[in-house]
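Structure here, sequence nowhere to be found:
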């Protein structure tokens, strides 16, 4: 069992998807490629235009795991502090709202040339 995670509005955290066997759902796989390109083995290229951050919701368990909702698809994630021990496959998000176990996080889709 992991230790409880303390979060606050304005904090930058890292989210890392919990990957299983190849996902048969093409829409969920597309969201993984957009939000977590390094975790699914894709290179991140510099964006052609200014990236626009988007807000996503995360329901978490208070101990470091949660479910990110993006494009109507649920993605199981691990919440990590953003520090030198953060895996390079994780994506950084800013906590913009917090209410109980519900988070609103803001991040930039880096995958697929940051569409």
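Here it is on my side, so go on. What you see is a predicted model; the values in this text were computed from it and never measured.

Pretty sure residue 33 sits in a helix.
Yes. Counting by DSSP: H, G, I helix; E, B strand; the rest coil, residue 33 is part of a helix.

does the spatially most central residue of the chain count as helix, strand or coil?
Residue closest to the average C-alpha location in the chain (C-alpha atoms, centre = their mean): residue 15, at 4.0 Å. Under the three-state scheme (three-state DSSP), residue 15 adopts strand.

Numbering from 344 from now on, please.
Got it, the first residue is 344 from now on, which makes the last one we talked about residue 358.

what's the nearest residue to it if we skip its chain neighbours?
Setting aside the residues directly before and after it, residue 358 is nearest to residue 420 in space (C-beta to C-beta, 6 or more residues apart in numbering), at 4.6 Å. Placement of C-beta: from N, CA and C, glycine included.

what do you get for residue 408?
Distance criterion C-beta to C-beta, 6+ apart; nearest residue to residue 408, sequence neighbours excluded, is residue 421 at 5.7 Å.
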